[in-house]
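Novice: All I have is the shape, not the residue letters:
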């Protein structure tokens, strides 16, 4: 039975390789790429890169550092403090904050209030579950109410995911935000302080360095996508180990967002063109996986 089991998957693998070789032998000649996708060099993106380039010859992928060459200390709207989004061997010199737009301040305040209430409720539940008298009743009640979500996760995971998404959108609104704007670069800081934002020249230098290191300096398509990544897990004490290692175990989404913002600014594009990298009308977009 064990030999038959191995033979079954061995045949599947060899048949797939044989079919792929025949497909590549009949592939059309290379064409001018219309889209470029910048991904983290994490090995988990290897299948994504192969898939994107296989379904469309107009897609060209590149593997690079997940922080996209822009290290900074980041504080999102839900974060209590900053966290360095860069490799552990790099010390960030700049700080980037996620700030709600002026018209979205009320939505951000509502989100903050609901998160605070949820944190207080979670703290009370944790304390009650560990008490001598209430622990038994709290455990029984929690077990009863957790049956339905557990059954949905086991037998209908897609439906469970959709319900969670709807619940978050309804009870936890997401305001439109922006990142810390660029600074002029005339201020002086004392030891241990961080610069609030980057200057135009600093961002232009980092975007230029990234494109040169990736080899993306000519034959640009219509769109460049910077795809940052994160991970989600259930009951895993080592969750951070599955996120972006180049971002210190956090999400690379803010780095991709800042890269896209910098790459689309006319003043930064002009400085990049002065370095011999003329992207013309190519647009840079960010995404998060």
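Specialist: Arrived safely. Please read these numbers as outputs of a predicted model, since none were measured by experiment. Residues are numbered from 1 along each chain as shown.

Novice: ok, residues contacting stretch 183-191?
Specialist: Stretch 183-191 is contacted from outside by 195-199, 201-202, using C-beta atoms under 8 Å, 6 or more residues apart in numbering. C-beta coordinates here come from the backbone N, C-alpha and C atoms, glycine included.

Novice: and the end-to-end length of it?
Specialist: Its first and final residues considered, stretch 183-191 spans 19 Å by C-alpha to C-alpha, to the nearest Å.

Novice: quick revisit: can you say which of the contacts of stretch 183-191 are buried?
Specialist: 195, 197-198, 202 (16 or more other C-beta atoms under 10 Å).

Novice: Which strand or helix spans residue 15?
Specialist: helix 2-25 (DSSP states H and E).

Novice: What average pLDDT does that helix get?
Specialist: Mean pLDDT, helix 2-25: 83.

Novice: State the next helix or strand along the chain beyond it.
Specialist: Counting by DSSP H and E, what follows helix 2-25 is strand 35-40.

Novice: For that next one, which helices and strands make contact with it?
Specialist: When contacts are defined as 3 or more C-beta pairs under 8 Å, 6 or more residues apart in numbering; DSSP states H and E, strand 35-40 packs onto helix 46-55, strand 59-64, strand 223-228.

Novice: circling back to that earlier point, and the buried ones among the contacts of stretch 183-191, which is closest to residue 260?
Specialist: Among the buried ones among the contacts of stretch 183-191, residue 198 lies closest to residue 260 (C-beta to C-beta), at 14.0 Å.

Novice: tell me the secondary structure for the closest one?
Specialist: When classified by DSSP: H, G, I helix; E, B strand; the rest coil, residue 198 comes out as coil.

Novice: Minimum distance to residue 152: which of the helices and strands packed on strand 35-40 has it?
Specialist: helix 46-55 (28.1 Å).

Novice: ranges for the helices of this protein?
Specialist: Secondary structure of the chain (DSSP state H): helices at 2-25, 46-55, 105-129, 134-145, 147-155, 157-171, 200-214, 253-263, 266-274.

Novice: Identify all contacting residues around the fourth one.
Specialist: Counting contacts by C-beta under 8 Å, 6+ apart, the residues outside helix 134-145 that touch it are 125, 128-129.

Novice: Apply 10 Å and report the result again.
Specialist: 124-131, 150 (C-beta atoms under 10 Å, 6 or more residues apart in numbering).

Novice: And the third one, by the same measure?
Specialist: For helix 105-129, the surrounding residues in contact (C-beta under 10 Å, 6+ apart) are 77-78, 98-101, 104, 134-139, 141-142, 171-177.

Novice: I'd like to know which of those are buried.
Specialist: Among the contacts of helix 105-129, those classed as buried by 16+ other C-beta under 10 Å are 77, 98-100, 104, 138, 175.
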